[in-house]
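1. Compute the structure for the input listed below.
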Amino acid sequence: MKPGEHISCTTFPCLDVDNSKYIIPQAEIIPETIQMIMVSEAAPHEHTDYYYSGKESLFSQTTVQAFKDAGIQVESINDLVERGVYFTTAIKCGKQGYTVKAATIKNCSHRLEGELALFPNVKVIMLMGDFAIKAVNYIAKRRLGERVIPVGSTYKIRGDEYYYGEIRVFPSYLQAGPAFFIERSKRRMIKEDIIQAVKLLGWTL
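-> The predicted structure follows:
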């Protein structure tokens, strides 16, 4: 299955993103094998930096390094997909500035909602950054009537347990992009969150 063949945006209503950078995963995925979904913030400015664009892509390099920091010996996004991890973004288009409007996150959360529904055996969702946290909260409000992640700074709330139905949800920091190599304290917390997440899946570190 290629997720991009099942979900799409056709109207592009958001005015504060660059829809020429629109991208939804076109990688071949076996839905039943996916146990973890990692949602980062927005599509990269270059399609060649996306998760499934090869080992040299920026998103691939920083994400693989995040898992290596956590003691997981992998060399590529494909290695992680084979172990049951799926990667996507909350915003399917590229950012024009540092942030985007709440309405944009809400609009795109409908795409993410359809995407999450493609995977029947997910046990963990990792929310890498504020856009991902807000998007899943919009989904949860529509489906469950309340947010999954409470309001608050990520470093204050990340130690508690949160659930979307029976799925454990981890609020964390953005691992996809150059900031991952710069902000050492956040890199440490990303490592800690990945360790906790993969332990729930029974991975040996």
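2. okay, CA-based contacts and neighbour counts for the rest of this
-> Fine.
3. and the residue positioned nearest the centre of the chain, what are its phi and psi?
-> Residue closest to the mean C-alpha point of the chain, counted by C-alpha atoms, centre = their mean, is residue 39 at 0.8 Å. Taking degrees, to the nearest 10, you get phi -110, psi 120 for the backbone angles of residue 39.
4. show me what contacts it?
-> The neighbours of residue 39, taking C-alpha atoms under 8 Å, 6 or more residues apart in numbering as the test, are 87, 88, 89, 90, 125, 126, 127, 128, 132.
5. Could I get the full set of strands for the protein?
-> Applying DSSP state E to the chain gives strands spanning 17-18, 36-43, 85-95, 124-128, 162-164, 167-172.
6. now the third one: mean pLDDT?
-> Spelled out, it's strand 85-95. Averaged over strand 85-95, pLDDT sits at 96.
7. With just CA atoms, put it into CSV.
-> What follows is strand 85-95 as a C-alpha-only set of coordinates in CSV (Å, rounded to 0.1, in the frame of the first residue of the first chain):
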residue,chain,number,x,y,z
VAL,A,85,7.8,2.3,12.2
TYR,A,86,6.0,4.6,9.8
PHE,A,87,7.0,8.3,9.3
THR,A,88,4.9,11.2,8.2
THR,A,89,4.2,14.9,8.8
ALA,A,90,1.3,16.8,10.4
ILE,A,91,1.5,19.5,7.7
LYS,A,92,1.7,18.0,4.2
CYS,A,93,3.0,21.2,2.6
GLY,A,94,6.2,23.2,3.3
LYS,A,95,6.2,26.1,5.7
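8. ok so, going back, possible to save the strands of the chain as a markdown table with distance to residue 3?
-> Shown next, in a markdown table, are the strands of the chain (distance: least, C-alpha to C-alpha, whole Å):
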| stretch | distance to residue 3 |
| --- | --- |
| strand 17-18 | 21 |
| strand 36-43 | 13 |
| strand 85-95 | 10 |
| strand 124-128 | 17 |
| strand 162-164 | 21 |
| strand 167-172 | 20 |
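9. Next up, the contacts around the residue lying closest to residue 33 once chain neighbours are set aside.
-> Nearest residue to residue 33 in three dimensions, chain neighbours excluded: residue 84, at 5.4 Å (C-alpha to C-alpha, 6 or more residues apart in numbering). Contacts for residue 84 were tallied using C-alpha under 8 Å, 6+ apart; they are 33, 34, 35, 36.
10. Selecting buried members of the residues you listed in PyMOL, what would you type?
-> Here is the PyMOL command that selects only those of the contacts of residue 84 that count as buried (16 or more other C-alpha atoms under 10 Å):
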select buried, resi 33+34+35+36
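11. Can you spell out which helices and strands pack onto the helix or strand of the chain with the lowest mean pLDDT?
-> Counting by mean pLDDT, DSSP states H and E, the chain has its least confident helix or strand at helix 179-182, which shows a mean of 76. Helices and strands touching helix 179-182, as assessed by 3 or more C-alpha pairs under 8 Å, 6 or more residues apart in numbering; DSSP states H and E, comprise helix 184-200.
12. hmm, back to that, from residue 205, how far out is the residue nearest to the centre of the chain?
-> 22 Å (C-alpha to C-alpha, to the nearest Å).
13. Same check on residue 120?
-> Counting by C-alpha to C-alpha, the gap from residue 120 to residue 205 is 25 Å.
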